[in-house]
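Trainee: Curious how this folds, go ahead:
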Amino acid sequence: MIVITKEQKKILYIAVGVFVFMASFWVFIYIPQSRRLVSLKEELKNVQSQIEEINALAQGRELTEAAENFNRQFAKVSSFLISEDEDVISYLSEQARELKIAVSNISPGGRKPLDKQVVGYDIEELPISMNLICEYKQLGEYLDILRKSYSVLVSLRELNIKGKGEGRYFLDVGLKLSAYLAKQR
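Mentor: Okay, the predicted model is just below:
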């Protein structure tokens with residue numbers, strides 16, 4: 001049997017006390033503060049990247065001047081956004097007619113709100129399916145007009161082309177488009 005003296009008991013109590021203090025310090029102070037430090041570093045990194053984006057957008061100009069310029073550009077671009085389905089369909093049909101493209105079918109789908117929003121506007125995506133009968137050259141010109149259009153913001157989702165047989169110039173074309181509509185809040 002081992003006999004522990006009073007001094008050894010004191011040293012043992014002090015050692016246990018120091019261990020409990022160190023463990024408490026580690027659990028209740030060090031670990032939470034290190035997690036907080038990591039989250040603060042991440043937040044600092046995000047803020048720095050936002051500052052870099054703003055500086056890149058400002059392109060060396062005064063921030064107020066850059067903001068005014070962006071507001072003017074936004075007002076100009078937002079004036080091109082259409083708010084009605086009928087206007088989009090009318091535009092697409094009119095452009096096809098001008099190129100002597102036969103539109104055999106045009107059908108809009110249901111509007112879907114866009115995940116990314118623009119301040120002051122509700123932006124919606126309008127899926128549109130079109131069936132056209134035309135030649136290759138006319139189709140290329142039509143797609144080029146849609147790509148360069150400032151009247152309607154449209155993106156091409158799918159393009160299907162079928163020939164009408166050997167020696168025939170006309171094609172059956174299936175287009176799936178997305179038009180973007182904007183309504184001011």
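Trainee: Would you mind measuring from I123 to S83?
Mentor: Here the distance between I123 and S83 works out to 10 Å (C-beta to C-beta, to the nearest Å). (Glycine included, C-beta is placed from N, CA and C.)
Trainee: which neighbours do the two share?
Mentor: Overlap of the contact sets of I123 and S83 (by C-beta atoms under 8 Å, 6 or more residues apart in numbering) consists of 181-182.
Trainee: Comparing the two, which residue is more hemmed in?
Mentor: Taking other C-beta atoms under 10 Å, I123 and S83 do not tie; I123 has more neighbours (16 against 13).
Trainee: Now name the helix or strand holding that one.
Mentor: Element membership for I123, per DSSP states H and E: strand 121-134.
Trainee: And for N46?
Mentor: N46 is located in helix 31-58, with elements delineated by DSSP H and E.
Trainee: same for the helix or strand just after that helix, what does it pack against?
Mentor: Following the chain from helix 31-58 toward its C-terminal end, the next helix or strand by DSSP H and E is helix 63-78. Helix 63-78 makes packing contacts with helix 31-58 when contacts are defined by 3 or more C-beta pairs under 8 Å, 6 or more residues apart in numbering; DSSP states H and E.
Trainee: Show me what the helix it packs on is packed up against.
Mentor: In this structure, helix 31-58 packs against helix 63-78, with contacts taken as 3+ C-beta pairs under 8 Å, 6+ apart.
Trainee: which residues of the chain score low on pLDDT?
Mentor: Judged against pLDDT under 70, the low-scoring parts of the chain cover residues 77-81, 117, 150, 165, 167-168.
Trainee: Let's check: the centremost residue of it is which one?
Mentor: Against the mean C-alpha coordinate of the chain, by C-alpha atoms, centre = their mean, the closest residue is K116 at 5.5 Å.
Trainee: ok, now which ones touch that one?
Mentor: I123.
Trainee: How about the one 10 residues further on?
Mentor: Contacts were defined as C-beta under 8 Å, 6+ apart; by that measure L126 touches 85, 88, 108-109, 111-112, 178-181.
Trainee: returning to that earlier point: how far is whichever helix or strand comes after the strand holding I123 from where the chain is centred?
Mentor: Following the chain from strand 121-134 toward its C-terminal end, the next helix or strand by DSSP H and E is helix 136-148. The gap between where helix 136-148 is centred and where its chain is centred comes out at 26 Å by C-alpha atoms, centre = their mean, to the nearest Å.
Trainee: now do stretch 133-141
Mentor: Per C-alpha atoms, centre = their mean, the centroid offset for stretch 133-141 relative to its chain is 32 Å.
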